[in-house]
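Colleague: When you get a sec, could you give me coordinates for this:
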Amino acid sequence: MNTNTKSDHMETKTAWRTPLFSLWVVIFLSVSGSQTRAQQPASHRKDFNITIEETETGFKMHSVKGSAWINLSFRLSDDKPQGIDEYGMTTRGQATAHTDPQLADYLFLIKKTEEGIELTGIEGTAWKQLKFTLPEKGKRTINAWGIVDQ
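Modeller: Next up, the predicted model:
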């Protein structure tokens, strides 16, 4: 005589096999692994060193450290930002797809305002925003942590 009942053949669903639990795991892993370059701890942030000066025709930047470029010259219209990353001028707010481990990994916007210069850190900077004026025929130097004293 067969004593097996219908309940003997039913599989019990464990928590890890339910769709809701699987969805939760996927979301958790996605969120925990999505740290942007701007949020990198200071110990992982590579430094860069850039001098900014205003010229008769626009701006000149000189990178001494952390960039593939050495000199950039460009014009800025009032309130029209220009993106700058470790490879030079870039589309506003668009990071370069590839990275070089020898370079600092940064992206910021530079904008001319009535008050002076405004920088917005997008990636690879400890600062979110820097505002300053440039002395006539003067320069300012910035790095990943802010304005460098001269």
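Colleague: how deep is the residue nearest to Gly146 when sequence neighbours are not counted tucked in, by neighbour count?
Modeller: Nearest residue to Gly146 in three dimensions, chain neighbours excluded: Trp127, at 5.2 Å (CB to CB, 6 or more residues apart in numbering). Placement of C-beta: from N, CA and C, glycine included. Neighbour count of Trp127, defined by other CB atoms under 10 Å: 16.
Colleague: Let me know the helix or strand that Trp127 is in.
Modeller: Using DSSP states H and E, Trp127 maps to neither a helix nor a strand.
Colleague: And Met89, by the same measure?
Modeller: strand 88-90.
Colleague: Partner strands of that strand and their direction?
Modeller: With DSSP bridges as the test, strand 88-90 is paired with strand 82-85 (antiparallel).
Colleague: neighbouring contacts of the strand holding Met89?
Modeller: Contacting residues not belonging to strand 88-90 are listed as 67-69, 72, 74, 82-84, 96, 107 [CB atoms under 8 Å, 6 or more residues apart in numbering].
Colleague: Quick check: which helices or strands does the helix or strand just after it pack against?
Modeller: Per DSSP H and E, the first helix or strand lying C-terminal to strand 88-90 is strand 107-112. Using 3 or more CB pairs under 8 Å, 6 or more residues apart in numbering; DSSP states H and E as the contact test, the elements touching strand 107-112 are strand 82-85, strand 117-123.
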